[in-house]
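[1] Got a predicted structure here, sequence first:
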Amino acid sequence: MATQHTPAQFPSATVLGYPRIGRRRELKKAVEAYWSGASSLAELEASAEALQLATAARLTELGLTDEAAVPGTFSFYDQVLDTLVALGAVPARFGTLHDDAGRLGLDAYFTLARGNAEQQPLEMTKWFDTNYHYLVPEIGPETVFSLSSERIVEEFSLAKAHGTVTRPYLVGPVTLLALSKASDGAPAGFAPLSRLEDVLPVYAELLGKLAAAGAPWVQLDEPALVADLDLPGGTSAAELGAAVERAYAALTAPAVGAGRPAILLSTPYGGLGEQTAAVAATGAEAVALDLFKGQLPADLAQFAGKTVVAGLVDGHNIWRNDLAASAATLDALREAGARHGFAVAVATSTSTFHVPHDAEEETQLDPQLRSWLAFADQKVREVVTLAGHLAAPGSQDAALAESSRIIATRAEAPGVRRPEVRERTAALTAADFSRSEYGVRAQAQEAVLDLPPLPTTTIGSFPQTAEVRSARARLNKGAIDEAEYERLMKDEIARVIDLQEELGFDVLVHGEPERNDMVQYFAEHLDGFDVTVHGWVQSYGSRCTRPSILWGDVSRQAGASILWGDATSAAPITVPWAAYAQSLTEKPVKGMLTGPVTILAWSFVRDDQPLAETANQVALALRDEIADLEDAGIGIIQVDEPALRELLPLRAADRPAYLDWSVNAFRLATAGAADATQVHTHLCYSEFGVIIDAIDGLDADVTSIEAARSRMEVVTDLEAHGFGRGVGPGVYDIHSPRVPSQQEIEELLARAVEHVPARQLWVNPDCGLKTRGYEETEASLRNLVEAAKVARAAL
Ligand code: GLN
Ligand code: ZN
């Protein structure tokens, strides 16, 4: 007998996702133990189950009590990989990874993520405008799609058996294919999105299994719809909208409950813009809109019959929500919903896996600063409060007022707005952003530097050995004093300088042993920042970072710390280390700084003023540092901006304004340098062409960039652009322990000189060597220097 199915009500409050690494990085420890052979698959599975159940219990305790309010966003490595493995879309280059039953188990899953002896892993790239990296699916005309893992069904059943009905999560079909790259053998112009019709039956089959397991809701994440992506095959925005229509027509064809769960179509990371109508026209029962970054759509009538899930609480940054403002938006939505016939629920704007678990654990922070913060757990409470307001206006007024009061204290608190910092940025003029003509500088630099053609250098860091890390840990624990720490670091610097002398490098580095992290190190030495103890967030796989909190006006600190005695005026951060390194050698030593855009991108940044203003403050602190480096006799200074591409807005219309302030911040930081000081910058990511104008606009004398993984393809971009200053396309990939042969590097250099005039070229690796071991580093660098000699002789 056919029963009439109506969708279950959408939970009144939810988050689009939750940190999955664990409050004490339990997942990191469990997977790394398994990878190293220290634990068994059964032990890994047991740890993962315990973590999933602890998460479900925690979220319930925090107030996500409605059915399907707890998101099923656990992942062993990456959500894109989870979906790809469920669909069975293994690239042909991996051969057979499926078992005899046609399943992809965890070992196959990790092989795709981490590679094996024959195959490189799937490529990794940034997830929208975040610092999270996903694995890029490789899809071709030959890719076979078949349901190959039911892990998400099993995860649902596990939680259900323990009393929590979760809301399973999948990357939606349009986003999955839009983020895919064409597989190796695919014909030119092949668009992975052209395989949409072939993946949909597998999605439908999986949805059927979820329904059968008792899942009332599933979340299909479609962030591709908020971005202007440069899609392979030249897919236009209109075609993307049409793909949404086809995909969700197919997935919603079966009745809710019979063949599938109700669908929440989530669109995090920005406003839907021109895709709003396509999303509203789908049969998805609920649509999650990012109302933190995006605007409330003008025409709300188009959502009639659905639940509009209002993503009001920012999932991507750590600041307490302005609950009163969010409540006002909810009031407007409630009223529109009553008029047009849609329901309203509350959520975060994105998954909260971009922020740490719990601000309350940061007991070392000033209580006032802590009161401004909302990490994942605090955000759950915020959505629950807002849902309480939605259900019973007036019922949460005390909490709303408290939130307004705390936010107001931010404006007044000491350190947030410092007149001496603001006067400096207010007084800036165009001249502060420009150096002399490049030609004039190049001559002045040539006169003092005396470098051979194709000069060799590295990107900055040398391997961080166990001894170096242990010295820092002992300093932090008080087991050694600062004098002892300084001595150990200086020993390490001396070793690194000796090694570079022995290998024959032209421009040396001190090796950065004293830096725990290229951003945190500066954050610890600048006013306006604080660092956390437990604030880890996943960067990719088991890798986590601990972003600093940029909450106030920025300047260099008075130097009360190591190496500066009791100085009271703003003290240099890097100068003593660089000067020490320079004292050991006749060769030039490069000073090494992290650029303003990267410092912003890899920190949690204040949201109470434009990023441009914050960037200029950081830039001025770096400008002071550069002046001090010059005074100490450092003639080459590198300012790293690996994150320049990362903050590029998802919408094309927003990009010019971003590129304007970000490029200007770099220029402000560096433009005080004398003509004879050679300013370097370093960027690392593959899609270099997109922002080549901006890179040129940085006006650095030398730019080193990642290039080895694309076999120097970037040199053709440089040639087409007519890039006229120094450039060091990386000659080997530092992300793997593989030692490049001398011949291979010679070939890459030969290719480079065909496209870029030799007098502009530098020879360097792709990136810093911090995560490598000394053995492979020495061998690789030796081959690099020898290859440069051969290439030089051939000029
Ligand atoms: N100077 C830094 C290093 O060598 C640059 C790192 C980066 O680009 N991510 O470690
Ligand atoms: Zn790099």
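    The structure has been received and is ready for your questions. Ligands and ions are numbered 1, 2, ... in the order given.

[2] Residues of the stretch 551-700 of the chain that sit close to ligand 1?
    Met592, Asp640, Pro642, His682, Cys684 (CB under 6 Å from any ligand atom). Just so you know, the C-beta spots here come from the backbone N, C-alpha and C atoms, and that holds for glycine as well.

[3] Next up, the contacts around whichever residue of the stretch 101-250 of the chain sits closest to ligand 1.
    Nearest residue of the stretch 101-250 of the chain to ligand 1 (CB to the nearest ligand atom) works out as Asn131 at 11.5 Å. By CB atoms under 8 Å, 6 or more residues apart in numbering, the contact list for Asn131 reads His354, Val537, Ser539, Thr545, Pro547, Ala601, Trp602, Ala643, Glu646.

[4] And for the residue of the stretch 301-450 of the chain found nearest ligand 1, nearest residue in space, chain neighbours not counted?
    Using CB to the nearest ligand atom, the single residue of the stretch 301-450 of the chain nearest to ligand 1 is His354, 19.1 Å away. Using CB to CB, 6 or more residues apart in numbering and skipping the chain neighbours, the partner closest in space to His354 is His316 (4.8 Å).

[5] Near ligand 2, which residues of the protein are found?
    Within reach of ligand 2 by CB under 5 Å from the ion, the chain has these residues: Pro642, Cys684, Cys767.

[6] all strands of the stretch 51-200 of the chain, in order?
    For the stretch 51-200 of the chain, the strands defined by DSSP state E, counting those that start in this stretch occupy 70-72, 124-126, 133-135, 138-139, 166-171, 181-182.

[7] Any figure for the gap between Gly728 and Val763?
    Distance of Gly728 to Val763, given as CB to CB, to the nearest Å: 7 Å.

[8] joint contacts of the two?
    Common contacts of Gly728 and Val763 (CB under 8 Å, 6+ apart): Thr457.

[9] from the residues of the stretch 551-700 of the chain next to ligand 1, which would you call buried?
    Met592, Asp640, Pro642, His682, Cys684 (16 or more other CB atoms under 10 Å).

[10] Return the per-residue confidence for His5.
    What the model reports as pLDDT for His5 is 57.

[11] For the helix or strand in which Glu484 is found, output the C-alpha coordinates as CSV.
    Using DSSP states H and E, Glu484 sits within helix 482-503. Taking C-alpha atoms only, helix 482-503 is exported to CSV below (Å, rounded to 0.1, in the frame of the first residue of the first chain):
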residue,chain,number,x,y,z
GLU,A,482,66.5,32.2,26.6
ALA,A,483,70.2,32.4,26.5
GLU,A,484,70.5,28.7,26.0
TYR,A,485,67.8,28.7,23.3
GLU,A,486,69.6,31.5,21.5
ARG,A,487,72.8,29.5,21.6
LEU,A,488,71.1,26.4,20.1
MET,A,489,69.5,28.5,17.3
LYS,A,490,72.8,30.2,16.5
ASP,A,491,74.5,26.8,16.3
GLU,A,492,71.8,25.7,13.8
ILE,A,493,72.2,28.9,11.8
ALA,A,494,75.9,28.4,11.6
ARG,A,495,75.4,24.8,10.4
VAL,A,496,73.0,26.0,7.7
ILE,A,497,75.4,28.7,6.5
ASP,A,498,78.3,26.3,6.4
LEU,A,499,76.2,23.8,4.3
GLN,A,500,75.2,26.5,1.8
GLU,A,501,78.8,27.6,1.5
GLU,A,502,79.9,24.1,0.9
LEU,A,503,77.2,23.5,-1.7
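
[12] can you start the count at 278 instead of 1 from here on
    In the new numbering, first residue 278, that becomes helix 759-780.

[13] I'd like the average pLDDT over that helix.
    Averaged across helix 759-780, the pLDDT comes to 97.

[14] ranges for the strands of the stretch 928-1072 of the chain?
    Going by DSSP E, counting those that start in this stretch, the stretch 928-1072 of the chain shows strands at 955-960, 979-982, 1003-1006.

[15] Alright, that wraps it up for me.
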